[in-house]
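**Student:** Take this sequence and fold it.
(chains A and B)
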Amino acid sequence: MPCLTIIAADGNEVSLAPEAGESVMQAARAAGLPVIGECNGSMACATCHVIVDPAWADRLDPPAEDEEATLDTLFNLAPTSRLGCQIRMSLALDGLAVRLPPR
Amino acid sequence: MDGSLATPGRAAAPQLPVMEAIAAEAGGLGALAHAIDKDALYPEAQLRALGAAGAFGLHLAAHSRLGRPSLAHAIEAMAAISAACMSSGFCAWCQDSAAWYLEQTENAALRARLQPAIAEASLLAGTGLSNPVKALSGLEAFRLRGQRVAGGYIVSGILPWVSNLGAGHWMGAVFEDAADPAHRVMAFVEIGQPGVAIRQNAHFVALEGTATYSVLFRRAFIADDALLADPLEAMMARIRPGFILLQTGMGLGVIDAAVALMHEADATQGPSNTHLPLRSDDVAAQAAALRARIAELAGTPCETAREYTRAVLQARLAVSELALDATRAAALHWGACGYLEGSAVDRRLREAWFVAIITPSIRHLRQEIAALSGH
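**Tutor:** Here you go, the predicted structure:
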């Protein structure tokens, strides 16, 4: 299973071992982290906004048009912002680190 | 079977001409209900006809064909629509709520500009208040944020589900001030104005024809003359009871339909159905008591007393719970016939579920009632 590190807004780090195919949003939610994922991955809410570690940003598939449009609504958009629901874990992403944005 | 027939057990009172006209328009929705519910047919023409018949002006001082504004009649009109098709009843609630915002705003110019068209449904509108109503209860964060600029605000954010929308429709929106999150502002925005777009991302188990979209705000400029309230608080206190009471019309319509379905089932399954624990007469009696209570509460929709607020929430909760109970009872009255895909029971169960989960949902209502009760 790939390893995923999620750094909460207060700096606390959580290491997770999600199943391949599971999204970052699903993994974070299952771990009880404050990632709501209200729309369950349909890119309608942006409540799974994560900021990808810049070292990993280019190794992810680029965001699709719908994800770009949703990200563009964010007030606290960062250069490596992504929707956690659109990042599917795989062995190629073993070691991925993301940060949760401050409110 | 469709459960949209006149409900036996309801007192046959003489109808006012405007209510008769609305009931006549509503009756035509039954034939379209399946397509609206499952095939995403948006009942635009029917909504416009209902508006022309006076359905969306009953609670408005300047537009009620009763000669006076009556929230109770607006609720009954919505019940009549929902008894035929609750998706349409939900769209009616959206329209009624948007008109209600304009009724309660101190922005008289905005009211004069838009309310007549919304009342007659030449302009269609959504509510957009699910997020702020939940946020004000601490259930989620405000999804829209604005930054003060000359002449207005620049607003960004996304609202996941807003209904009764389309190009050129209007909706309410609440955003928090990025510089001061305790400062919230309410505005009326037009879909398609620069920076405001809709997108369909998801499909639902019911109500597919309610024109429900996510709404994307991308640095949208909202001018001061489109503000409904700045700051929000007093406006929210004025609109909230009416906003919630209007929703009971949806539930009452579903309950009426469930009662009608039970009567219909009894025609062929009567002896066996008598052994069921919840019967049509029980539901009709509970619904009549609820109606009377709601009509009383609707008489003073701008009251702010704690007891009144709690009573409004309790009435809304009771409608949700009775809608769930009544449709479950209707399903049991129909047996396997109701379990067929496309049956009226199938649709009514999903409609009742919607009444229970739309903001404020049952869990939200219970939380609010507990808080008001000091628990």
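**Student:** where along chain A do the strands fall?
**Tutor:** A:4-7, A:13-16, A:49-52, A:81-83, A:96-99 (DSSP state E).
**Student:** Now do the contacts for the residue of the stretch 1-150 of chain B at minimum distance from chain A.
**Tutor:** Residue of the stretch 1-150 of chain B nearest chain A, by C-beta to the nearest C-beta: B:Arg145 (4.5 Å). Placement of C-beta: from N, CA and C, glycine included. For B:Arg145, the contact set (C-beta atoms under 8 Å, 6 or more residues apart in numbering or on different chains) comprises A:Phe75, B:Val155, B:Ser156, B:Gly157, B:Phe175, B:Glu176, B:Asp177, B:Ala178.
**Student:** Next, count neighbours for the third one.
**Tutor:** Residues lying near B:Ser156 (other C-beta atoms under 10 Å in any protein chain shown) number 23.
**Student:** was I right about it contacting B:Arg219?
**Tutor:** Yes - taking contacts as C-beta atoms under 8 Å, B:Ser156 lies within contact range of B:Arg219: 5.7 Å.
**Student:** and B:Leu60, what does it touch?
**Tutor:** B:Pro69, B:Ala99, B:Trp100, B:Glu103, B:Gln115, B:Ala119.
**Student:** And for B:Arg366?
**Tutor:** Taking C-beta under 8 Å, 6+ apart as the test, what B:Arg366 contacts is B:Leu317.
**Student:** Need the phi and psi values for residue 59.
**Tutor:** Using chain A here. phi -90, psi 0 (degrees, to the nearest 10).
**Student:** You answered for a different chain; I wanted chain B.
**Tutor:** phi -100, psi 10.
**Student:** okay, it: pLDDT?
**Tutor:** B:His59 carries a pLDDT value of 98.
**Student:** same deal with B:Arg65?
**Tutor:** 97.
**Student:** B:Ser4 too?
**Tutor:** B:Ser4 is given a pLDDT of 46.
**Student:** which residues touch the residue of the stretch 251-375 of chain B found nearest chain A?
**Tutor:** Of all residues in the stretch 251-375 of chain B, B:Thr359 sits closest to chain A, at 12.0 Å by C-beta to the nearest C-beta. Counting by C-beta under 8 Å, 6+ apart, B:Thr359 touches B:Leu129, B:Ser130, B:Val133, B:Lys134.
**Student:** again, 6 Å this time
**Tutor:** B:Ser130, B:Val133, B:Lys134 (C-beta atoms under 6 Å, 6 or more residues apart in numbering or on different chains).
**Student:** In strands only, show me those.
**Tutor:** Per DSSP E, the contacts of B:Thr359 never map to strands.
**Student:** Now neighbour count too, for those residues, in a markdown table please.
**Tutor:** Putting those into a markdown table (neighbours: other C-beta atoms under 10 Å in any protein chain shown) gives the following:
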| residue | neighbour count |
| --- | --- |
| B:Ser130 | 19 |
| B:Val133 | 20 |
| B:Lys134 | 18 |
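**Student:** which element is the spatially closest residue to B:Ser280 that is not a sequence neighbour on?
**Tutor:** Distances taken as C-beta to C-beta, 6 or more residues apart in numbering or on different chains place B:Met262 nearest to B:Ser280, at 3.8 Å, with adjacent residues excluded. Using DSSP states H and E, the element containing B:Met262 is helix B:233-273.
**Student:** For that helix, name the packing helices and strands.
**Tutor:** Helices and strands touching helix B:233-273, by 3 or more C-beta pairs under 6 Å, 6 or more residues apart in numbering or on different chains; DSSP states H and E, are helix B:71-84, helix B:86-104, helix B:280-298, helix B:306-334, helix B:344-357.
**Student:** rewinding a little: surely the residue of the stretch 1-150 of chain B closest to chain A is within a helix?
**Tutor:** No - B:Arg145 sits outside any helix when classified using DSSP: H, G, I helix; E, B strand; the rest coil, being strand.
**Student:** what does the model give it for pLDDT?
**Tutor:** 97.
**Student:** what's the closest non-adjacent residue to B:Pro132?
**Tutor:** In space, B:Pro132 is closest to B:Val174, 3.8 Å off (C-beta to C-beta, 6+ apart).
**Student:** Can you give me the neighbour number for the one you found?
**Tutor:** The local packing of B:Val174 (other C-beta under 10 Å) involves 25 other residues.
**Student:** how much space between B:Gly253 and B:Pro43?
**Tutor:** 14 Å (C-beta to C-beta, to the nearest Å).
**Student:** Contact partners for the residue nearest to B:Ser280?
**Tutor:** For B:Met262, the contacting residues are B:Ser280, B:Ala330, B:His333, by C-beta under 6 Å, 6+ apart.
**Student:** Let me know the secondary structure of B:Val155.
**Tutor:** Under three-state DSSP, B:Val155 comes out as strand.
**Student:** what's the burial count for it?
**Tutor:** Neighbour tally, B:Val155, other C-beta under 10 Å: 26.
**Student:** Was I right to think it contacts B:Arg218?
**Tutor:** No - contact between B:Val155 and B:Arg218 fails when scored by C-beta atoms under 6 Å: they sit 9.1 Å apart.
**Student:** Spatially central, which residue of the chain would that be?
**Tutor:** All of this refers to chain A. Central residue of chain A (C-alpha atoms, centre = their mean): A:Gly84, 2.8 Å from the mean position.
**Student:** please go with chain B instead
**Tutor:** Geometric centre of chain B, nearest residue: B:Trp93, 3.4 Å, by C-alpha atoms, centre = their mean.
**Student:** What residue spans form the domains of chain B?
**Tutor:** B:17-123, B:126-229, B:233-372 (automatic domain parsing).
**Student:** looking at those, which is buried most?
**Tutor:** domain B:17-123 (a mean of 22; mean count of other C-beta atoms under 10 Å in any protein chain shown).
**Student:** Give me the distance from that one to the chain's centre.
**Tutor:** 10 Å (C-alpha atoms, centre = their mean, to the nearest Å).
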